[in-house]
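Novice: here's my sequence, what's the structure:
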Amino acid sequence: MSASDPRREGVDPRGDPGRTNIRALVIGAGPAGLMAAEVLAEAGVSVVVADQMPSPARKFLMAGKSGLNLTNVNDPFDAGYGEVSPAFARSISAFGPEEVMRWATGLGQEVFVGSTGRVFPVAMKASPLLRAWLRRLDGLGAQLLTRWRWEGWRDGRALFDTPEGPQEIDADLTILAMGGASWRRLGTDGAWAAQMPGSVAPFQAANVGLRVDWSAQMARWQGQPLKGVAFHAGDVTSRGEAMITSKGLEGGGIYSVSAAVRDGAALVVDLLPDVPHAVVAERLARQGPKASLATRLRKALGLEGARAALLHEFGRPFGADLAGTIKGLPVRHAGVLPIDEAISTAGGLRFDALDGFRLTEHARVYAAGEMLDWEAPTGGWLITGCLATGRAAALQALAEAGVAARRSSDATGA
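Specialist: The predicted structure is shown next:
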């Protein structure tokens, strides 16, 4: 994507007769914003994308360092989003896992499905896909402005703080895709919420670790994974792994239950989820009375290492029902980690402040991505949700501007 004067007339300078005189502004160059820009530019709309960071899609690139989990083919996929608006639900139905995979392949990025149903690019990182995506957008005539921080509106024009001083953009339609409130250093600081008082649900940490004040005995286990356990919080159960860190517990197994814990559910861990309580008790009883506890746990149950350390940390003093403690070990913690250490956030622009994806209090302004009030687990739901809502917001904007969408069957799965 190349840079040019964002206040130019909405006509392609190359004289492309397929372009309209509609001027669109997309604020935020993450997955939702770039997808919205793609749909708009394909329809012949003149598109400017403004982002406050020095380069686009920084959180997307960071996510890609661990493999870029684009989506997930497990059914029912849409159940991962919980209670959302009808428009949000339709966006996922129209652009779900199959469409995301087709879109990535269309950018020259082959994908594969892992053993858990998660979908990744073969390259296992975000940078090749992002480069191909930016090339596509540049070829469509979209313009990218970096270090442009949105400051609100004045007389219908978007205001920006830029390296060249205050700037304004007068657009026929605007897509807001500024993200949630986590990972401030990557540009998603939630500061935009101050411009929409009364329309934003408070931000909360989501997909986040737990703060634990470990005893000195746990220092040797920091950096060690907890495998083969099950975490329970309220009605939610997770069989994923967790990592013991200096701050507490992190990793997919904890992230999956973090929303329930954040909302007040007690957290317990089953250290032997595949062994019934009665079997655990019977195996322990077989050990001689002179055997040490460590020996009994190791020989009878194979319980040692980080799992045994966790049992000693949270289970002492042990009562008569040691098997029950092993099967339901209460985890003492000090709550979830700070919001800026969360992978994503709950809260944001409320669905009742929207008509579909259009802001009811601002004509010709639409919103998409993590700045909306939805919450989903890691595992492909987050990126798919951003892509799907960015696409849906752009399609609604086009329809309400009387512009027909084009070519989307190949690029965006319409």
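Novice: switch to C-alpha atoms for all contacts and neighbour counts from now on
Specialist: Will do.
Novice: can you pull the contacts of residue 335?
Specialist: By CA atoms under 8 Å, 6 or more residues apart in numbering, the contact set of residue 335 is 210-212, 261-262.
Novice: can I see the domain layout of this structure?
Specialist: By the assignment in automatic domain parsing, the chain contains the domains 23-204+346-411, 210-330.
Novice: chain center to the shortest one: distance?
Specialist: The reference is to domain 210-330. Chain-centre distance of domain 210-330: 28 Å, with CA atoms, centre = their mean, to the nearest Å.
Novice: rounded mean pLDDT for it, please.
Specialist: The average pLDDT for domain 210-330 rounds to 95.
Novice: kindly check the end-to-end length of that domain for me.
Specialist: 14 Å (CA to CA, to the nearest Å).
Novice: ok, residue 87 to residue 226 distance?
Specialist: 39 Å.
Novice: hmm, back to that, give me whichever of the domains of the chain is most buried.
Specialist: With neighbours taken as mean count of other CA atoms under 10 Å, the domains of the chain reach their highest mean count in domain 23-204+346-411, at a mean of 20.
Novice: distance between it and the chain's centre?
Specialist: 11 Å.
Novice: average pLDDT for it, rounded please.
Specialist: 95.
Novice: go through the chain and flag its longest helix.
Specialist: The single longest helix within the chain, with elements called by DSSP state H, is helix 381-401.
Novice: ok, back up a step: among the contacts of residue 335, which are in helices?
Specialist: Per DSSP H, the subset of these in helices is 261-262.
Novice: between the contacts of residue 335, which is closest to residue 299?
Specialist: Closest to residue 299 out of those is residue 212 (29.2 Å), distances taken as CA to CA.
Novice: got the contact list for the closest one?
Specialist: Here residue 212 is in contact with 247-249, 332-335 (CA under 8 Å, 6+ apart).
Novice: how about those in a markdown table, adding secondary structure and distance to residue 174?
Specialist: What follows is those, written out as a markdown table (DSSP: H, G, I helix; E, B strand; the rest coil; distance: CA to CA, whole Å):
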| residue | secondary structure | distance to residue 174 |
| --- | --- | --- |
| 247 | coil | 41 |
| 248 | strand | 42 |
| 249 | strand | 40 |
| 332 | coil | 47 |
| 333 | coil | 43 |
| 334 | coil | 42 |
| 335 | coil | 38 |
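Novice: out of those residues, flag the one nearest to residue 230.
Specialist: Residue 230 has its nearest neighbour among those in residue 249, at 13.6 Å by CA to CA.
Novice: quick one: contacts for the closest one?
Specialist: 209-212, 242-243.
Novice: Provide the partner residues of it in its beta bridges.
Specialist: Beta-bridge partners for residue 249, by DSSP bridges, are residue 210, residue 244.
Novice: let's have the domains of the chain in a markdown table, adding distance to residue 339.
Specialist: Listed next are the domains of the chain as a markdown table, based on distance: least, CA to CA, whole Å:
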| stretch | distance to residue 339 |
| --- | --- |
| domain 23-204+346-411 | 6 |
| domain 210-330 | 11 |
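Novice: circling back to that earlier point, please tabulate the contacts of residue 335 in TSV and include distance to residue 192 as additional columns.
Specialist: Below are those laid out as TSV (distance: CA to CA, whole Å):
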residue	distance to residue 192
210	27
211	28
212	32
261	28
262	24
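Novice: nearest residue to residue 104 in space, please, no chain neighbours.
Specialist: Nearest residue to residue 104, sequence neighbours excluded (CA to CA, 6 or more residues apart in numbering): residue 110, at 6.9 Å.
Novice: cool, and residue 403?
Specialist: Closest to residue 403 by CA to CA, 6+ apart is residue 43, at 7.2 Å.
Novice: got a list of what the closest residue to residue 267 other than its chain neighbours touches?
Specialist: Nearest residue to residue 267 in three dimensions, chain neighbours excluded: residue 233, at 4.8 Å (CA to CA, 6+ apart). Counting by CA under 8 Å, 6+ apart, residue 233 makes contact with 257, 260-261, 265-268.
Novice: can you tell me which two in the residues you listed are farthest apart?
Specialist: Greatest spatial distance among those (CA to CA): 260 and 268, at 11.9 Å.
Novice: need the strands for the stretch 151-300 of the chain, in chain order.
Specialist: For the stretch 151-300 of the chain, the strands defined by DSSP state E, counting those that start in this stretch cover 157-162, 165-169, 173-176, 200-206, 210-211, 225-226, 230-233, 236-238, 242-244, 248-250, 267-270.
Novice: including distance to residue 120, could those strands go into CSV?
Specialist: As requested, the strands of the stretch 151-300 of the chain are exported to CSV (distance: least, CA to CA, whole Å):
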stretch, distance to residue 120
strand 157-162, 36
strand 165-169, 37
strand 173-176, 27
strand 200-206, 22
strand 210-211, 27
strand 225-226, 23
strand 230-233, 25
strand 236-238, 21
strand 242-244, 21
strand 248-250, 22
strand 267-270, 30
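Novice: among those strands, which comes closest to residue 146?
Specialist: strand 157-162 (8.4 Å).
Novice: which other helices and strands does that closest one contact?
Specialist: strand 149-154, strand 165-169 (3 or more CA pairs under 8 Å, 6 or more residues apart in numbering; DSSP states H and E).
Novice: show me what it is in contact with.
Specialist: Contacts for strand 157-162 (CA under 8 Å, 6+ apart): 147-153, 166-171.
Novice: check stretch 194-202 too.
Specialist: So stretch 194-202 is in contact with 151-152, 193, 346-350, 353, 373, going by CA under 8 Å, 6+ apart.
Novice: how near is the residue nearest to residue 267 to residue 394?
Specialist: Distance, residue 233 to residue 394, using CA to CA: 38 Å.
Novice: now do residue 61
Specialist: 23 Å.
Novice: tell me the helices in the stretch 251-400 of the chain, going along the chain?
Specialist: 252-262, 277-286, 293-301, 305-315, 322-327, 381-401 (DSSP state H, counting those that start in this stretch).
Novice: which one is residue 366 nearest to, not counting chain neighbours?
Specialist: residue 358 (4.1 Å).
Novice: helices of the stretch 51-200 of the chain, start to end?
Specialist: Under DSSP H, counting those that start in this stretch, the stretch 51-200 of the chain gives helices at 58-64, 86-94, 97-106, 127-139.
Novice: so the second one versus helix 97-106, what angle?
Specialist: Okay, so that is helix 86-94. The directions of helix 86-94 and helix 97-106 differ by 60 degrees, with axes from the mean of the first three to the mean of the last three CA atoms, to 10 degrees as the criterion.
Novice: who touches helix 86-94?
Specialist: By CA under 8 Å, 6+ apart, the list of residues contacting helix 86-94 reads 78, 356-357, 384-385, 388-389, 391-392, 413-414.
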